[in-house]
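Structure, please.
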Amino acid sequence: AAPPAPPPTLAAAPATLFPPAPGTDIFDAVRTAPARIDLTPGVPDLAAFPRAAWLRAERTVLRHLAASDFGYGDPRGAPALRAAVAAWLARSRGIAADPAEVIITTGVSQALGLLAQALRPHGITRIAVEDPGSLGVRQHLNNWQVDTPPITVDDIGLRVDELAASGLPAVMLTPAHQFPTGVVLDGDRRRHLVAWAKAGGLIIEDDYDAEHRYDRPPVPALRAMLPDQVCYAGSVSKLLAPALRVGWLLVPARYRDAVVDAKRNADLGNAVLPQLVLAELMTSGALERHLRLLRRRHVRRRDAMIASVSSCLPAATVHGAAAGLHLMVTVDGDMVDTEVAAAALERGVKVQPLSWHCQRPYRPGLVLGYASNTASDIAEGVAAIGAVLRCRDDGALAHQDASRFTVTSWPTNGRRRPSSDAAG
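Next comes the predicted model:
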């Protein structure tokens, strides 16, 4: 008889999955680690993917597709999608761009790699990043031998005075909904950033989830104000699904040829058929209808998470509730958030420690995604986090008495009016 199959192994044990200094493979490990409830940020509601609309659009595309369209295409992307993206950005973000300026990429991650290659000949090998700011973005730039010095983010966004004093030539930021804090770059900071850019600075604007807003009007894209000093990146990863691997990049004319050369060398261009299907969704209005559905669903799930935090972490500070797909939750005291994340995973709940996204000391906390979970799963997951914070059995999470926390922010459509942090 054949020997019994070995039991399945975990991708990583909780104790090793949340190191204080994560490596470049950390997000692969987190994604594959089994958990009953996944509250990690960055994933939309994948169950809501518009399969019927996609299938209709695909049939429409195939019905009219010429045989020659199955050949090699323009490395910048299919003309139909570039035109659809230009129109989408004009409607949703106030960006006036000619389709010839749009470069289709395999997500924002590839856009960053293309920019790193295009900017190096211009002497730009150091790009300032937000702190707190996305660990994934930082790792990706570092992988392209780009240094990423931190610039402080406070309650009204990036500290532009600190950026100016640094002497750095470029900055990467998320001004419409900062990751992970959720703050919006305020008016004065925007004006100072524009002045910095006009004096020669380069801005890389990641508009990663600007469509997902609930309690505030849209914030204009920086690219709409400064087309000659802003490289603008976006994608459908947070709108439809990361698996599509479709994004776009707008760059000032002086960098465009180098970016297109880098794209050609990378892959000769994205797969054409998904581009044409996405273009059909954009031009037919199906994508806007899908976004309206998502906003209603996300508001309910966000409210469920805030209610659960209020109940299970009665004095936690919630940040960034007015937009996006995640909340940042901070706590006072001596909590080690990587230990909390590991203990939560042992209870079947996957979260992300805030400290991963900080280059310098910051308040401990967690980054919690709500878009892909039902209200009941959200409630169960947050309850498990509350139990972890109250647990003193082994002494590993000492000093974590939940009664020490303080509530300071809530969403505008809830039961309390938010502070500036929550509205961010």
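
which SS class is Ala379?
helix (DSSP: H, G, I helix; E, B strand; the rest coil).

Around it, how many other residues sit close by?
For Ala379, the neighbour count with other C-beta atoms under 10 Å is 18. Heads up, the C-betas are built off the backbone N, CA and C, glycines and all.

With the one 3 residues further on instead?
Here the number of neighbours of Val382 (other C-beta under 10 Å) works out to 30.

mind listing what the residue lying closest to Phe179 once chain neighbours are set aside touches?
Once flanking residues are discounted, Phe179 sits nearest to Ser134: 5.0 Å by C-beta to C-beta, 6 or more residues apart in numbering. By C-beta atoms under 8 Å, 6 or more residues apart in numbering, the contact set of Ser134 is 174, 179-180, 206, 357.

number of nearby residues for the nearest residue to Gly269 once chain neighbours are set aside?
Closest residue to Gly269 in three dimensions, ignoring its sequence neighbours and counting by C-beta to C-beta, 6+ apart: Pro75, at 4.2 Å. Residues within reach of Pro75, counting by other C-beta under 10 Å, total 19.

Next, the contact list for Pro75, please.
260, 263-264, 267-269.

quick one: which helix or strand includes it?
According to DSSP states H and E, Pro75 maps onto no helix or strand at all.

measure it to Arg301 for me?
Relative to Arg301, Pro75 is positioned 39 Å away (C-beta to C-beta, to the nearest Å).

what's the burial count for the residue lying closest to Pro79 once chain neighbours are set aside?
Closest residue to Pro79 apart from its sequence neighbours, by C-beta to C-beta, 6+ apart: Pro99 at 6.8 Å. Neighbour count of Pro99, defined by other C-beta under 10 Å: 16.

Now Pro99: phi and psi?
phi -50, psi -30 (degrees, to the nearest 10).

what does the model give it for pLDDT?
Pro99 is assigned 98 on the pLDDT scale.

For Leu173, give me phi and psi.
Main-chain dihedrals, Leu173, degrees, to the nearest 10: phi -150, psi 170.

and the protein, what are its domains?
25-43+289-394, 51-284 (the TED database).

For the ones you listed, could you give me a markdown table that also reports distance to Pro19?
A markdown table is the format used below for those (distance: least, C-beta to C-beta, whole Å):
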| stretch | distance to Pro19 |
| --- | --- |
| domain 25-43+289-394 | 7 |
| domain 51-284 | 12 |
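
hey, least reliable of these by pLDDT?
domain 25-43+289-394 (a mean of 92).

related to what we said a few turns ago, need the contacts of Pro75 in JSON lines (columns: secondary structure, distance to Gly123 and neighbour count).
Shown next, in JSON lines, are the contacts of Pro75 (DSSP: H, G, I helix; E, B strand; the rest coil; distance: C-beta to C-beta, whole Å; neighbours: other C-beta atoms under 10 Å):
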{"residue": "Val260", "secondary structure": "helix", "distance to Gly123": "20", "neighbour count": "19"}
{"residue": "Lys263", "secondary structure": "helix", "distance to Gly123": "22", "neighbour count": "27"}
{"residue": "Arg264", "secondary structure": "helix", "distance to Gly123": "23", "neighbour count": "13"}
{"residue": "Asp267", "secondary structure": "helix", "distance to Gly123": "27", "neighbour count": "12"}
{"residue": "Leu268", "secondary structure": "coil", "distance to Gly123": "29", "neighbour count": "11"}
{"residue": "Gly269", "secondary structure": "coil", "distance to Gly123": "28", "neighbour count": "21"}
